[in-house]
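Colleague: Here is a sequence together with a model predicted from it:
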Amino acid sequence: MKRIVSKPLHYFILAAVLMWIKSYVAYKTEFNLGVSGVMQQILLFINPVSSVLIFLGIGLFFKGKKAGAWILAGSFIMTLLLYSNILYYRFFNDFVTLPTLLQTSNAGSMGGSIMDLLKAHDVFYFVDFIIYFFFFFSKKIDWHNEKVSVKNAVTILSLGFMVFSVNLTLAEIDRPQLLSRTFDRNYLVKYLGAYNYTMYDGVQTAQNSKQRAFASSNDLTNVVNFKNSHYAEPNSVYFGKAKGKNIIKIHLESFQSFLIDYKLNGQEVTPFLNSLAHGNDFTYFDNFFHQTGQGKTSDAELMMDNSLYGLPQGSAFVLKGSNTYQAAPAILDQKAGYTSAVLHGDYKTFWNRNEIYKQFGVDKFFDASYYNMTGENKINYGLKDKPFFKESVPMLQSLPQPFYAHLITLTNHFPFLLGNNEASIQPANTGDATVDRYFQTARYLDESLQSFFQELKASGLYDNSVIMIYGDHYGISENHNAAMEKVMGKEITPYENAQLQRVPLFIHVPGVKGGVNHTYGGEIDVVPTLLHLVGIDSKEFIQFGTDLFSKDHDDVVAFRNGNYVSPKYTLVDGTYYDSKTGQALKENNQMKAYKQKVAKELELSDQVLYGDLLRFHKLKDFQTVDPSKYMYGKEETETSAK
């Protein structure tokens, strides 16, 4: 071993080989990359090589121990990047992007989530680094001062670039226009590897940051044209039916539609929501899908208030928190005199809410500082749902009417923790603790809602309010498909996984009879639907969704990665399916047109956010929000009152 690591070149070879093996093992065991065919298997095996040769190979241009120091540091950085992706993937079923690194302040509110992601076998990913570390600092190793010949160093770097060239060429053959057209990070990691993907992501991030600086009003033309052609006329039966009514929007954290009517051990998991779905007080959309990306909850909020898609990388709440927006709170204020408020049992800085809400024109933000956050009231991310709803009612009553209030729940969030004394249903028995606990926190959320409705009715708010309930994103990711197959009683194919992205949407309008509505739609469609209900035509605003009640509604639901689902066809990772049967289909002109429309829609929405294009969209009777007029936080409110 001393002979192996005593010279820079030998030390480099050991580090390179172990890093290659470790990366490949992680690809095969930690990530669900959808590898199929000999070509993709070969690419997955070789794609770590170029990164390892180039990044670690730079150290060979240094002398003696400096070379070893570079290789040691490089190995640590690559290991850290790999393991960060492993943890992130376990939680989000996605890969880390550079923009998400700006969101690390959110980690402080994750409670036990990170610990729940750790596995005993994770020590494997650090064993090689421990070996390098030990031998690098061992006094028994006699590091020579001679330098690896420039010829050998250049040869290794050249080999790295050559491997990358071959890798990219083969990838482009198997997946044409890989770098120019895909929205899906899974493809990039599968074909190019986690390290090359990070370099690509860095280039994309740099390019995106330039877009605002070079954007102009001319860039808005295509967006406006799309908006005009995509607009759906209001349905006269529903238009203005909620005029002057309060709006209470309830955000169900990580709640998927398969829970509706699901029975666990003979018991309904969500009996209260089931009663709403089958009653006449609410319209229940049973083909409503979440469309979130890396921003998850924040993406859902963005769409539900702005009808703009989340970013392909990172969260707009963090990265575009100072943009100009045409958000529902500001529109409702200026067009109909609404007061707006957000109520949430976490602290105001999480997801940069205390800044971006000012851009939306949110009047009041009742964050954790307004609630009793002591003792048993808290768990995991923040305030439990039952005390949250109970304490929120007086805050709602304090708002000038009509108001637009958004209540965000927390308890039904990974890792789905709940004390035994509060769990009113037994966990499932799939062998996957995450999935098993999910049903307990979902039941707790259901009970919390039932109590809240009783409070609303007792307070008199129920009869004069539109009440909207929606799920923000999936709770159970693809990483748990083996357990979900036991839950659902069938194989979770890519098609079935797309169907599982349904989340509930309930809408109650006083005096309007409800029922089950089978319209296909997504979170992007909520703002125009809501505005039309209160009698505000959405036509003048930049919105990418369409009214769910309109006869002209666009029922092709775009996913953030470019896939889509519609009443007839579903597209998942290049394969088309019949939406009713799940049978794979050959592409026809309509499927292709849907795919192109979805890609264009996502592209234009990205242009709006990256270029901050709404600052150029001037309207006669709508004023751009001035964020300096808003101040949040209990202490700040009390100080300003003095």
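Modeller: All right, it came through fine. Numbers count the residues shown, from 1 in each chain.

Colleague: Could you point out the longest helix of the protein?
Modeller: Assignment by DSSP state H gives helix 64-92 as the longest helix of the chain.

Colleague: Return the per-residue confidence for Thr100.
Modeller: Thr100 is assigned 66 on the pLDDT scale.

Colleague: surely Asn412 meets Glu447?
Modeller: No - the pair Asn412 / Glu447 is not scored as a contact, 11.3 Å apart, by C-beta atoms under 8 Å. Quick note: C-beta positions are derived from backbone N, CA and C, even for glycine.

Colleague: Between these two, tell me which one has more neighbours.
Modeller: Using other C-beta atoms under 10 Å, the more surrounded residue of Asn412 and Glu447 is Asn412, with 26 against 18.

Colleague: quick check, the more buried one in a helix?
Modeller: No - checked against DSSP: H, G, I helix; E, B strand; the rest coil, Asn412 lies outside a helix; its state is coil.

Colleague: What distance do you get for it to Ala300?
Modeller: Distance of Asn412 to Ala300, computed by C-beta to C-beta, to the nearest Å: 14 Å.

Colleague: Equivalent analysis for Val487, please.
Modeller: From Val487 to Ala300 the distance is 23 Å (C-beta to C-beta).

Colleague: More neighbours: which of the two?
Modeller: Using other C-beta under 10 Å as the criterion, Val487 and Ala300 rank with Ala300 on top: 24 against 20.

Colleague: Now name the helix or strand holding that one.
Modeller: helix 297-306 (DSSP states H and E).

Colleague: Packing partners of that helix?
Modeller: strand 246-252, helix 316-319, helix 328-336, strand 403-408, helix 526-533 (3 or more C-beta pairs under 8 Å, 6 or more residues apart in numbering; DSSP states H and E).

Colleague: Run the chain-centre distance for the shortest one.
Modeller: Spelled out, it's helix 316-319. Mean-position distance between helix 316-319 and its chain equals 12 Å (C-alpha atoms, centre = their mean, to the nearest Å).

Colleague: just to revisit the earlier point, which elements pack onto the longest helix of the chain?
Modeller: Using 3+ C-beta pairs under 8 Å, 6+ apart, helix 64-92 sits against helix 8-30, helix 37-57, helix 113-117, helix 124-137, helix 194-214.

Colleague: ok, and the closest non-adjacent residue to Asn429?
Modeller: Spatial nearest neighbour of Asn429, chain neighbours left out: Asp436 (6.6 Å); criterion: C-beta to C-beta, 6 or more residues apart in numbering.

Colleague: measure that neighbour to Ala206 for me?
Modeller: According to C-beta to C-beta, Asp436 stands 43 Å off from Ala206.

Colleague: And the two? Which one has more around it.
Modeller: Asp436 (18 against 10).

Colleague: Show me the strands in the stretch 351-500 of the chain, by range?
Modeller: Secondary structure of the stretch 351-500 of the chain (DSSP state E, counting those that start in this stretch): strands at 364-366, 378-379, 382-383, 403-408, 465-471.

Colleague: Surely Ile507 is within a strand?
Modeller: Yes - under three-state DSSP, Ile507 sits within a strand.

Colleague: Tell me the confidence at the residue nearest to it when sequence neighbours are not counted?
Modeller: Nearest residue to Ile507 in three dimensions, chain neighbours excluded: Thr283, at 4.8 Å (C-beta to C-beta, 6+ apart). Note on Thr283: pLDDT of 98.

Colleague: so where's the chain uncertain?
Modeller: Flagging of the chain using pLDDT under 70 yields the residue ranges 1-7, 92, 99-113, 139-146, 180-184, 381, 633-642.

Colleague: before we move on, the earlier item: hey, which of the helices and strands packed on helix 297-306 is tucked in deepest?
Modeller: helix 526-533 (a mean of 26; mean count of other C-beta atoms under 10 Å).

Colleague: for that helix, packing partners?
Modeller: Helix 526-533 packs on helix 297-306, helix 328-336, strand 465-471, strand 505-508, going by 3+ C-beta pairs under 8 Å, 6+ apart.

Colleague: can you give me the offset of it from its chain's centre?
Modeller: Centre-to-centre, helix 526-533 and its host chain are 23 Å apart (C-alpha atoms, centre = their mean).

Colleague: Not counting that helix itself, show me its contacts.
Modeller: Here helix 526-533 makes contact (C-beta atoms under 8 Å, 6 or more residues apart in numbering) with 232, 234-235, 238-242, 247, 303-307, 328, 331-332, 466, 468, 470, 505, 507, 509, 537-538, 543, 545-550.

Colleague: now the helices for the stretch 501-642 of the chain?
Modeller: 526-533, 589-610, 634-641 (DSSP state H, counting those that start in this stretch).

Colleague: now these in a markdown table, with distance to Tyr262?
Modeller: Formatted as a markdown table, those follow (distance: least, C-beta to C-beta, whole Å):
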| stretch | distance to Tyr262 |
| --- | --- |
| helix 526-533 | 24 |
| helix 589-610 | 30 |
| helix 634-641 | 39 |
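
Colleague: For Ala341, which of those is the nearest?
Modeller: With respect to Ala341, and counting by C-beta to C-beta, the nearest of these is helix 634-641 at 12.2 Å.

Colleague: what number of residues lie near Glu376?
Modeller: Glu376 has 10 neighbours, counted by other C-beta under 10 Å.

Colleague: which ones are touching it?
Modeller: The neighbours of Glu376, taking C-beta under 8 Å, 6+ apart as the test, are Lys384, Gly419.

Colleague: Can you tell me how far it is from Asn421?
Modeller: 9 Å.

Colleague: And Phe285, by the same measure?
Modeller: Between Phe285 and Asn421 the distance is 35 Å, computed by C-beta to C-beta.

Colleague: on that earlier part again, identify, out of the helices of the stretch 501-642 of the chain, the most deeply packed stretch.
Modeller: Of all these, helix 526-533 has the most neighbours on average by mean count of other C-beta under 10 Å, namely a mean of 26.

Colleague: and the angle from that one to strand 465-471?
Modeller: On the basis of axes from the mean of the first three to the mean of the last three C-alpha atoms, to 10 degrees, helix 526-533 is oriented at 160 degrees to strand 465-471.

Colleague: Please save the CA atoms from helix 526-533 in PDB.
Modeller: The C-alpha trace of helix 526-533 is given here as PDB (Å, rounded to 0.1, in the frame of the first residue of the first chain):
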ATOM      1  CA  VAL A 526     -56.500  28.100 -10.300                       C
ATOM      2  CA  VAL A 527     -56.000  31.900 -10.600                       C
ATOM      3  CA  PRO A 528     -58.100  32.500 -13.700                       C
ATOM      4  CA  THR A 529     -60.800  30.200 -12.200                       C
ATOM      5  CA  LEU A 530     -60.800  32.100  -9.000                       C
ATOM      6  CA  LEU A 531     -60.800  35.500 -10.600                       C
ATOM      7  CA  HIS A 532     -63.800  34.600 -12.900                       C
ATOM      8  CA  LEU A 533     -65.700  33.300  -9.900                       C
END
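
Colleague: ok and that helix relative to strand 246-252, angle-wise?
Modeller: Using the same axes, to 10 degrees: helix 526-533 against strand 246-252 is 160 degrees.

Colleague: Now render the helices and strands packed on helix 526-533 as a markdown table, adding distance to Gly562.
Modeller: What follows is the helices and strands packed on helix 526-533, written out as a markdown table (distance: least, C-beta to C-beta, whole Å):
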| stretch | distance to Gly562 |
| --- | --- |
| helix 297-306 | 15 |
| helix 328-336 | 26 |
| strand 465-471 | 22 |
| strand 505-508 | 23 |
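
Colleague: wait, what's in contact with the residue nearest to Ile507?
Modeller: The contact partners of Thr283, taken as C-beta under 8 Å, 6+ apart, are Phe506, Ile507, His508, Val509, Val512, Gly514, Gly515, Val516, Asn517.

Colleague: Cool, thanks, signing off.
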